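Student: Sequence and predicted model, in that order:
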Amino acid sequence: MNFKDILYSFACLSFSIVIGAAVYEHLAVVPQWSAAPPASLSMFQGPYGLNAGAFWMPIHPVTLLFMIATLILFWKTSRRKNILITLTGYVSILIITGIYFVPELMAITGTAFSETTNASLTNRANLWETLSIIRMLILMVLAINLFVGLTKVSAKMETQKNYSGAIRSTANAV
């Protein structure tokens with residue numbers, strides 16, 4: 001395995017970490033805070049409130065860096081299409097996240113705590129959750145596409161006859 005393949009693997013790993021965190025949040029965190037806001041929002045409030053941004057803020061630039069570097073290194077290969085599709089989809093999702101998901105999440109979770117449930121806020125939370133699950137599923141499809149690219153041969157395969165007449169393949173780095 002050469003440096004380029006290792007970098008591609010790190011891009012896949014980083015993108016998978018993003019998806020793994022999204023799955024975790026949707027299984028363990030989102031159902032708790034979206035259950036009955038604002039009564040269910042206490043996990044975000046106070047000096048020890050959950051700060052998911054501490055994870056999300058650094059992971060996206062790292063993932064983008066790995067994916068852009070991978071795209072540059074594999075530009076002249078068959079892997080380019082897989083990387084480019086995934087990167088374009090990921091950037092699009094990040095833009096949508098910045099325009100809708102983050103501001104809406106901050107608005108919902110920043111609502112002052114109350115012992116009562118607000119039906120309007122609960123509906124907003126449910127819509128946010130539904131759309132976020134769709135976003136996560138799209139990310140999963142993009143991840144599969146990225147992993148499929150990793151399975152493509154990144155080197156030119158030459159078929160040569162060896163001395164015994166059998167066919168063998170040798171890889172020459174692209």
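Tutor: Structure received.

Student: what residue ranges in this protein score low on pLDDT?
Tutor: Applying pLDDT under 70 to the chain flags residues 154-174.

Student: quick one, helices of it?
Tutor: Ranges of helices in the chain, per DSSP state H, are 3-24, 30-33, 53-73, 80-96, 102-109, 119-151.

Student: Any chance of JSON lines for these, columns mean neighbour count and distance to Pro47?
Tutor: Bear in mind the C-beta positions are built from the backbone N, C-alpha and C, glycine included. Supplementary listing: the helices of the chain in JSON lines, determined by neighbours: other CB atoms under 10 Å; distance: least, CB to CB, whole Å:
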{"stretch": "helix 3-24", "mean neighbour count": "17", "distance to Pro47": "23"}
{"stretch": "helix 30-33", "mean neighbour count": "16", "distance to Pro47": "18"}
{"stretch": "helix 53-73", "mean neighbour count": "16", "distance to Pro47": "14"}
{"stretch": "helix 80-96", "mean neighbour count": "17", "distance to Pro47": "30"}
{"stretch": "helix 102-109", "mean neighbour count": "16", "distance to Pro47": "15"}
{"stretch": "helix 119-151", "mean neighbour count": "16", "distance to Pro47": "23"}
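
Student: Turn those helices into TSV, columns for distance to Ala39.
Tutor: As requested, the helices of the chain are exported to TSV (distance: least, CB to CB, whole Å):
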stretch	distance to Ala39
helix 3-24	23
helix 30-33	10
helix 53-73	23
helix 80-96	29
helix 102-109	13
helix 119-151	10
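
Student: need the contact list for Trp128.
Tutor: Taking CB atoms under 8 Å, 6 or more residues apart in numbering as the criterion, Trp128 is in contact with 34, 101, 104-105, 108.
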